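**Q** My questions are about this predicted structure, shown below with the sequence.
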Amino acid sequence: MSWFTSDFDCIENMGEGTYGQVFKAIEKLTGKNHAIKIVQCGDIEKALPEVKTLIKLLHDNIVRYFTCWLEDSGYSPDESGSSTQCSINPSIRYLYIQLELCDYTLRVWIDEKNEEKSLRDSKRREEALTKFQQIVRGVEYIHSKMLIHRDLKPANIMIGQDGQLKIVDFGIVTYDNDAENLRKRLMYKGNPSYMAPEQTYDRKVDIFPLGLIYSELLWKMPTGHEKAVVLTDLREQTFPKEFQHNFYHEYLVIKPMLCEKPEQRPEASQLDANLKEISDSSDIEDMSDP
C-alpha cells in the first residue's frame with residue numbers, strides 16, 4: 001500500500017521540479033493542502049541535499065519542509081486524469097518530499113503584469129518593492145546559514161497561500177564556507193539568463209540575479225524577445241531608456257547588484273536596509289530623480 005495514495009487525496013500534477021515531479025494533494029487526516037515532490041531512485045542522492053537543507057530552514061520567505069519518506073512505487077495519473085495508478089518496480093525506489101503548497105510563481109505574476117495596458121503602474125511599483133523586500137529577506141536568511149542558493153529566478157520564487165513570497169528549489173544549493181566546494185566551483189549551474197558572470201564564486205553569486213529580478217518586477221517587458229534583450233543589456237549594466245528617470249531610487253539599488261566583480265556587490269543585509277529606506281521615504285508614487 002502506498003502511503004502517498006492512502007494518506008492523500010485530490011492529487012493534481014503541478015509540473016516538474018529539480019529532480020522530480022511535483023503534485024498538489026490534500027492530506028486526508030488534516031484536510032490541509034500540500035505540495036508533494038516525487039523523486040525517482042536514480043536522482044535520490046542528488047535530491048537529498050535539498051531535503052537536508054530544507055530541514056535547517058524556517059523562515060516566512062522560504063518554502064516550508066514537513067517530512068519525507070521512501071516508497072517502492074511512483075505515482076502518475078492515468079490518461080483520463082480522473083483516476084490514478086502507481087507504477088511498481090522492485091528495483092526502483094522513490095523519495096517523497098512533503099512541502100508547503102504555494103499558489104503560483106513570481107514568473108506568472110510578472111507575466112500577468114506585463115499583459116496590462118498601463119506602461120507606468122504605480123501599484124505595480126509598490127507591489128514590486130514589497131515583493132522584492134521579501135525575496136531579499138529570504139536570501140539574507142539563506143546566507144546567514146552559510147548557504148548559497150545558486151538558482152534564483154522568478155520561476156523559483158513562489159507566492160504562498162499566506163500571500164508571502166517563498167524561495168523554492170534548493171536542488172543545487174551549496175555551502176558558502178566549504179573550502180573543498182569552493183575549489184570545485186568551476187562551473188555555475190544556475191539558469192543562464194540569471195546567472196552571475198563569475199565561474200568561481202561565493203554568496204555574492206546570489207546577488208546578481210536579484211538585480212535582474214527586481215528590474216523585471218518593475219519594467220514592463222511584454223514579449224519574450226524584449227525580455228531577452230533587456231536582460232542581456234542589464235547584464236552589462238545597460239538599463240532600458242527612461243528606467244533611471246522612472247525608477248531613480250530603485251536604479252541606485254539595482255546598479256551595484258549587477259557589478260561584474262562580486263566583491264563590489266552589496267550583501268543581502270545591506271540590500272534589505274536600502275529597500276527599507278525606499279519604503280520609509282515619501283510616497284513611492286511621487287518618487288522621481290532629483
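**A** Right, received. Where do you want to start?

**Q** switch to C-alpha atoms for all contacts and neighbour counts from now on
**A** OK.

**Q** Low-confidence ranges, the chain, go.
**A** 1, 17-19, 43, 77-91, 118-120, 177-190, 199, 282-290 (pLDDT under 70).

**Q** in it, which spans are helices?
**A** Ranges of helices within the chain are 3-7, 44-56, 106-114, 122-144, 179-184, 207-218, 224-235, 243-246, 248-257, 268-280, based on DSSP state H.

**Q** who wins for proximity to Asp162 among the ones you listed?
**A** Nearest to Asp162 among the helices of the chain is helix 122-144; the distance by Cα to Cα comes to 12.8 Å.

**Q** Name the residues that touch that closest one?
**A** 57, 59-62, 113, 148-149, 157, 164-167, 176, 203, 206, 210, 214, 217-218, 268-269, 271-272, 275, 279, 284-285 (Cα atoms under 8 Å, 6 or more residues apart in numbering).

**Q** Give me the sheet partners of the lengthiest strand in the chain and which way each runs.
**A** In the chain, taking DSSP state E as the definition, the longest strand is strand 8-17. The sheet places strand 8-17 alongside strand 20-27 (antiparallel), with pairing taken from DSSP bridges.

**Q** Determine the angle, from 0 to 180 degrees, between the partner strand and helix 44-56.
**A** Using axes from the mean of the first three to the mean of the last three Cα atoms, to 10 degrees, the direction of strand 20-27 lies 50 degrees away from that of helix 44-56.

**Q** For strand 20-27, which outside residues touch it?
**A** 7-16, 32-40, 101.

**Q** Give me the buried entries from those residues.
**A** Phe8, Ile11, Glu12, Asn33, His34, Ala35, Ile36, Lys37, Ile38, Val39, Gln40, Leu101 (16 or more other Cα atoms under 10 Å).

**Q** Grab the two from those that are most spread out in space.
**A** Checking these with Cα to Cα, the most distant pair is Asn33 and Gln40, at 22.7 Å.
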